[in-house]
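In: my questions are about this predicted structure, shown below with the sequence.
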Amino acid sequence: MNSTQHSELLDNIIRGTSLWEDALYRLRQNKLAMIGMVYLIFMVIICLLTPWIAPYGYEEQNLRLGAVPPNAEHWLGTDTFGRDMLTRILYGGRLSLLVGFIATAVALVIGVTYGAIAGYAGGKTDNVMMRLVDIFYALPYMIFIILLMVVFGRNLLLLFLAIGAVEWLVMARIVRGQIQSLRQQEYVEAAMSLGLSPAAIIIKHLIPNALGPVIVYTTLTIPNVMLLEAFLSFLGLGIQPPQSSWGVLISYGVETMEEYPWLLIFPGLVLTLTLFALNFLGDGLRDALDPKASKD
Amino acid sequence: MSLLSVDNLSVHFHTRNGIVRAVDGISFNVEAGKTFAIIGESGSGKSVACYSILGLVPMPPGRFESGQVMFQGQDLLSLSEKELRKVRGKGISIIFQDPMTTLNPFLKIGDQLIEPLRQHFGMDKKQAWQKGIEILEEVGIKNAAQRMNAWPFEFSGGMRQRVVIAMALVTEPEIIIADEPTTALDVTVQAQILKLLKELQERRNIGVIFISHDLSVVSDIADEIAVMQSGVFVEKGNCDSIFNAPQHEYTRKLLAAVPSEQKIHSYDADEVLIRVEDVSVEFAGAKGLETIKAVSNVSIDIRKEEILGLVGESGSGKSTLGRTILRLLEPSSGKVIYDGRNISHYSSSQMKPLRRQVQMIFQDPYASLNPRMTVYDTLAEPLLLHRICSKKELDETVFALMDSVGLARESVLRYPHEFSGGQRQRIAIGRAIATKPSFIVADEPVSALDVTIQAQILDLLLKLVEEYHLTMLFISHDLGVVRYLSDRIVVMHDGKLVETGSVEDVFDNPSQEYTRSLLNAIPGKTLLSTEQVQSTGDF
């Protein structure tokens, strides 16, 4: 909403710096976080372009070749089926990142909505809603996911949902705590005295102010989710060959670690770097969004 | 010889936006048994000046540009952190503003009190404890021996400030820096604390540096006063000369900003807009605790277009009553009748059409605006919600609102954190009048603001009341402000109505004991009387 139609005034209008812009400025000062961000953007672009830039097809086998160490033709070597590792890592990245982002998005949507409602309602509603979270939290999530997988079969969509359904719990708690303290703020009371509906208050006044910690937690959830996927795939519950994810590649690499170490090293390296980048970015965002909490 | 002599002290902050000259070449002396007061508004550098002396200003970004601070024969600015620590507490101690946050909630009063004794004098625990009891008695805490074992939360605000003063005194310092020591306190408590400080100072012959934004408080206790603005002493002199013959423009402005009685508001006293009948508001306590009765059996009439001042100390239930009238809270019993309608138990959907007629202005302009919304969004929200104007007229209406509360149109797209406290309060007022309401509850709208700003906001409120034919419930703990603005006054104490009457009746002829004690506690009576004499002069 702005006032573009009043051009005679527009020349003089001073554009304010929103708290978001302020945070962005501080983020830019943080070298480590910026490196993390650039790396992530690079990874995402590469993974999006994989079908066009990958040197080989991901199912292309060359059994006669077998596992060879990195060379000029296969930069990162090949696996025991003679499949190009670079190609497999790129395709794996697509799935790993996809799982990371989508499952986190699922967690984000459920968690923020649920937490905001509980925090705003307070009293009995809040109590019931949060006890439910406690109960879910107490359930061993591995068993939950394994059960889902067993009942509904291995399915990529289900994997997203299952991981998201586990991760939203913490998100809901964070948001609920935030909303609860923001609720006491006078601007929320002011909004009530204006006659705004609870939904409007939550959406316009509460959630935007609660987003800081949520964003930080989100960047820290993505690596969690990716690890979880890697773990599930490692156990044979996640993504199955010939499709690959970093988790699948690592699990396979572990089996052949002694003979063909490059099958473990390269996917491990990529996963580690990505997790580092996400964590650096998350740390940077935390400092940028809450300048009081950081040292200077 | 002076206890402390500060010569040409400058402290600058080097920030990413350039150099801030927080303190810029000030000089003063503190004598034994005398009070040196520094007066200034927020951001004038008065606290930085005093804290930097003790090395309590972070360096960097702060830096001493010049100066010498002589205390006990040594220059404090040249001391190392370790040497300074010996001066802090032992030679010079500080009383902070907010007694609610200066005490560690996880330590017993006694343990906090004897800490500096053990630190600076190496006393054993028993000895120090005994000394602690003595000092608590001296600051007027009864049953001191038992109270040593109490936790901070068991004390009221005034009692806590006594404890803080005891902590400052326990090491027998030569100088005490009192940084707004009474600002967070109720007016009757403030009077007690000021009296205590004065007594202690005389008995122990200590030098006091008293930092305050409130001229009337200072007028009661200071021997010498420095008026500080933007890091510089614009004027320095004894009490008499500052108040009776101020030289500097800014001092005069400060003096003029102390509200005195001169009102122009008039209204028709007949029609009643809001009738509060026997209203009680209870809050359910936590399990096992009894319910808290914040307001009990209060009845008042608010007449059309009047400004009704509601006075009381913290915890008197005045804010609760205000919120109940607006139906942000529901009364436990009794009736709230607005314009003939009993709205006591209206649901929020029933209230919605009424919401455009009744509005609220809050105390803290830093908390009452959504930090992520521009002025435009904040002001447009009520306009759109209540369909005050069409989308096409929205921009014009927002600008008109900004005009009437005195905000520059250019700043329409700025965010709250880019405004000063006074400007933020203007935005909040703009939001409240956006729907052209007929009734406004103003809950301490100026108590978080500097005095000169206070006067501007009060005048703005008066202007708007006239312009919009508003009825206003003006809630405040500050009698001077209430007197300036109100037509009638209601006094509350402990949730009960104490006294109602016209301004003249309540101030000149209070019928209740409590009202009298409130009036007696107003600081700066000397100031008010000199001002009345002065007002015929060349001000």
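Out: Structure received.

In: spell out which parts of the stretch 151-296 of chain A neighbour chain B.
Out: Residues of the stretch 151-296 of chain A lying close to chain B (Cβ under 8 Å from any Cβ of the partner chain) are A:185-187, A:189-196, A:200, A:204-205, A:208-209. Yep, even glycine has a C-beta here, placed from its N, CA and C like the rest.

In: can you rerun that using 7 Å?
Out: Contact residues (Cβ under 7 Å from any Cβ of the partner chain) of the stretch 151-296 of chain A with chain B: A:185-187, A:189-190, A:192-196, A:205, A:208-209.

In: hang on, B:Glu499 is in a strand, isn't it?
Out: Yes: B:Glu499: assigned to a strand according to DSSP: H, G, I helix; E, B strand; the rest coil.

In: and the residue of the stretch 1-150 of chain B that's closest to chain A?
Out: B:Pro61 (8.9 Å; Cβ to the nearest Cβ).

In: what's the longest helix seen in chain A packed up against?
Out: As assigned by DSSP state H, the longest helix anywhere in chain A is helix A:85-121. Other elements packing on helix A:85-121 under the criterion 3 or more Cβ pairs under 7 Å, 6 or more residues apart in numbering or on different chains; DSSP states H and E are helix A:31-53, helix A:123-138, helix A:156-183, helix A:207-234, helix A:246-255, helix A:262-289.

In: so can I have a markdown table of those helices showing mean neighbour count and mean pLDDT?
Out: Shown next, in a markdown table, are the helices and strands packed on helix A:85-121 (neighbours: other Cβ atoms under 10 Å in any protein chain shown; pLDDT from 0 to 100):
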| stretch | mean neighbour count | mean pLDDT |
| --- | --- | --- |
| helix A:31-53 | 15 | 87 |
| helix A:123-138 | 13 | 89 |
| helix A:156-183 | 21 | 84 |
| helix A:207-234 | 21 | 82 |
| helix A:246-255 | 22 | 80 |
| helix A:262-289 | 20 | 85 |
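
In: turn the ones you listed into a markdown table, including distance to B:Gly89.
Out: Output for those, formatted as a markdown table (distance: least, Cβ to Cβ, whole Å):
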| stretch | distance to B:Gly89 |
| --- | --- |
| helix A:31-53 | 41 |
| helix A:123-138 | 45 |
| helix A:156-183 | 35 |
| helix A:207-234 | 38 |
| helix A:246-255 | 59 |
| helix A:262-289 | 34 |
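
In: of all those helices, which lies closest to B:Gly67?
Out: helix A:262-289 (34.7 Å; Cβ to Cβ).

In: tell me the helices and strands packed up against that closest one.
Out: Looks like helix A:262-289 contacts helix A:19-29, helix A:31-53, helix A:85-121, helix A:207-234, helix A:246-255 (3+ Cβ pairs under 7 Å, 6+ apart).

In: contacting residues for the spatially most central residue of chain A?
Out: Residue closest to the mean C-alpha point of chain A, counted by Cα atoms, centre = their mean, is A:Ile222 at 2.5 Å. When contacts are counted by Cβ atoms under 7 Å, 6 or more residues apart in numbering or on different chains, A:Ile222 touches A:Gly100, A:Phe101, A:Thr104, A:Leu278.

In: excluding its backbone neighbours, what's nearest B:Ser420?
Out: Spatial nearest neighbour of B:Ser420, chain neighbours left out: B:Ile453 (7.7 Å); criterion: Cβ to Cβ, 6 or more residues apart in numbering or on different chains.

In: and if you look at A:Ala172?
Out: The shortest distance from A:Ala172 to any non-neighbouring residue, by Cβ to Cβ, 6+ apart, is to A:Gly115 (3.9 Å).

In: that neighbour: neighbour count?
Out: As a burial measure, A:Gly115 scores 30 neighbours (other Cβ atoms under 10 Å in any protein chain shown).

In: one step back: is it true that the residue of the stretch 1-150 of chain B closest to chain A touches B:Gly18?
Out: No: when contacts are counted by Cβ atoms under 7 Å, B:Pro61 is not listed as touching B:Gly18 (11.3 Å).

In: out of these two, which sits in the more crowded spot?
Out: More crowded of B:Pro61 and B:Gly18, by other Cβ under 10 Å: B:Pro61, with 14 against 7.

In: what sits against the more buried one?
Out: Residues near B:Pro61 by Cβ under 7 Å, 6+ apart: B:Phe13, B:His14, B:Thr15.

In: so which of those residues comes closest to A:Arg83?
Out: B:Thr15 (57.4 Å).

In: taking the residues of the stretch 151-296 of chain A next to chain B one by one, which sit in helices?
Out: Among those, the members falling in helices (DSSP H) are A:Glu186, A:Tyr187, A:Glu189, A:Ala190, A:Met192, A:Ser193, A:Leu194, A:Pro208, A:Asn209.

In: how much space separates the first one from B:Val498?
Out: Right, A:Glu186. 27 Å (Cβ to Cβ, to the nearest Å).

In: excluding covalently adjacent residues, which one is nearest to the closest residue to chain A within the stretch 251-400 of chain B?
Out: Nearest residue of the stretch 251-400 of chain B to chain A: B:Arg355, at 3.0 Å (Cβ to the nearest Cβ). Closest residue to B:Arg355 apart from its sequence neighbours, by Cβ to Cβ, 6+ apart: A:Gly195 at 3.0 Å.

In: pretty sure the one you found contacts B:Gln350?
Out: No: A:Gly195 lies out of contact with B:Gln350 (Cβ under 7 Å); the separation is 11.1 Å.

In: so which strand or helix has B:Asp395?
Out: With secondary structure defined by DSSP states H and E, B:Asp395 is part of helix B:394-404.

In: and the angle from the following helix or strand past that helix to helix B:394-404?
Out: Downstream of helix B:394-404, the first helix or strand assigned by DSSP H and E is helix B:421-433. With axes from the mean of the first three to the mean of the last three Cα atoms, to 10 degrees as the basis, helix B:421-433 and helix B:394-404 are set at 130 degrees to each other.

In: worst-scoring helix or strand of chain B, pLDDT-wise?
Out: Counting by mean pLDDT, DSSP states H and E, chain B has its least confident helix or strand at helix B:525-534, which shows a mean of 47.

In: outline the domain layout of chain B.
Out: Following automatic domain parsing, one finds the domains of chain B at B:4-257, B:272-357+B:435-523.

In: show the end-to-end separation of stretch B:471-480, please.
Out: 20 Å (Cα to Cα, to the nearest Å).

In: from the chain's centroid, how far away is it?
Out: Centroid displacement of stretch B:471-480 relative to its chain, using Cα atoms, centre = their mean, to the nearest Å, is 14 Å.

In: give me the contacts around it.
Out: B:186-187, B:258-259, B:273, B:302, B:304-314, B:318-319, B:322, B:325, B:438-444, B:447, B:465, B:482, B:485-486, B:518-519, B:522.

In: stretch A:92-109 too?
Out: Residues outside stretch A:92-109 that contact it (Cβ under 7 Å, 6+ apart): A:43-44, A:47, A:50, A:159-161, A:163-164, A:167-168, A:171, A:218, A:221-222, A:225-226, A:229, A:239, A:243-249, A:267, A:270.

In: tell me the mean pLDDT over that stretch?
Out: Averaging pLDDT along stretch A:92-109 yields 86.

In: what is the burial count for the residue nearest to B:Ser420?
Out: Neighbour count of B:Ile453, defined by other Cβ under 10 Å: 20.

In: can you list the residues of chain B near chain A?
Out: Residues of chain B lying near chain A by Cβ under 7 Å from any Cβ: B:326, B:328, B:351-352, B:355-356, B:359-360, B:362, B:364, B:367-372, B:374, B:376-377, B:380-382, B:385, B:395, B:409-415, B:418, B:431.
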